[in-house]
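Trainee: heads up, no residue letters with this:
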């Protein structure tokens, strides 16, 4: 197992079968960085077009169609002292008749000062009524990451699917392991779109967008076939559904969690139904972009009793 220090020079606005930026062995760790969602780096320099530019892709030796790629997020840290967020709740999150009253004219970006050592964010020019908000604790996360989809597709980083993508789930933070279905040789892992903080749903179209230092460990799980991303944060096992309308995302995430419990924990479907009927929890990822994200999860402590 090796540690690779990688300096990106090109970025992608889609997740697909792009030329590998780096080849690694299964079990290797990569230490690198990502520009923010608009293409700016740690120094505020505009390096690339905006739209969630991806660092990578990273080719993992031995990964083949039908395998699973395990991605452990070892380090997710903002690397500059300013971040920016959207100024208005997305229209699709509000009742249509309320939108004219809510207003979108001259909506400006909202800037935040980040205290990287103290782990807090503070509004630089608070909107009226928020002067007393003070500091908010940082909770850094990765907004967009995943593996190349099948059949040579290159899917915009504005959206998500079975391959991962722009899921904007605050639970994808440092220490979490995420599992992706491999559909192309080498898996071709991409990562970017760091948020210093974000509420559920990314309802203003952003978190606090910031460039990030990231470190992750990539490992191939041979012969393990999954349909949608899965994750383990030490407390919950999770399954992700990305689709629109939201009921389809619920269906994908629930079905994937059922499969996880059946395959990995040996539970038959009546047992899964009884357990999840009372113990399933749902989290909301992105509800702003073309595909919504729903995360279905169950506590690991319950499974350890079985």
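Mentor: That came through, no problem. Quick caveat, the model's predicted, so the values are computed rather than measured.
Trainee: now stretch 80-100: buried residues?
Mentor: For stretch 80-100, the neighbour count (16 or more other Cβ atoms under 10 Å) marks 80, 82, 83, 84, 85, 86, 88, 89, 90 as buried. C-betas here are computed from N, CA, C, even on glycine.
Trainee: next secondary structure element downstream of the lowest-mean-pLDDT helix or strand in the chain?
Mentor: Ranked by mean pLDDT, DSSP states H and E, the weakest helix or strand in the chain is helix 99-102, scoring a mean of 92. Per DSSP states H and E, helix 99-102 leads on to strand 110-115 as the next helix or strand towards the C-terminus.
Trainee: helices of this structure, residue ranges please.
Mentor: Applying DSSP state H to the chain gives helices spanning 99-102, 246-265, 269-279, 300-304.
Trainee: most tightly packed of these?
Mentor: Comparing the helices of the chain by mean neighbour count (mean count of other Cβ atoms under 10 Å), helix 246-265 comes out on top with a mean of 18.
Trainee: what is that one packed up against?
Mentor: Applying 3 or more Cβ pairs under 8 Å, 6 or more residues apart in numbering; DSSP states H and E, one finds that helix 246-265 makes contact with strand 236-243, helix 269-279, strand 292-299.
Trainee: if we go to 10 Å?
Mentor: strand 230-232, strand 236-243, helix 269-279, strand 281-284, strand 292-299, helix 300-304 (3 or more Cβ pairs under 10 Å, 6 or more residues apart in numbering; DSSP states H and E).
Trainee: redo these as TSV? Include mean pLDDT and distance to residue 69.
Mentor: Listed next are the helices and strands packed on helix 246-265 as TSV, based on pLDDT from 0 to 100; distance: least, Cβ to Cβ, whole Å:
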stretch	mean pLDDT	distance to residue 69
strand 230-232	98	11
strand 236-243	98	14
helix 269-279	98	25
strand 281-284	98	22
strand 292-299	98	18
helix 300-304	97	21
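Trainee: what's the mean pLDDT across stretch 194-214?
Mentor: Per-residue pLDDT over stretch 194-214 has a mean of 98.
Trainee: what residues of it count as buried?
Mentor: 194-198, 201-214.
Trainee: again, but for stretch 28-41
Mentor: Quick answer for stretch 28-41 (16+ other Cβ under 10 Å): 28-30, 32-41.
Trainee: stretch 191-211 spans what distance, first to last residue?
Mentor: End-to-end distance of stretch 191-211 (Cα to Cα, to the nearest Å): 12 Å.
Trainee: how far out from the middle of the chain is that stretch?
Mentor: 9 Å (Cα atoms, centre = their mean, to the nearest Å).
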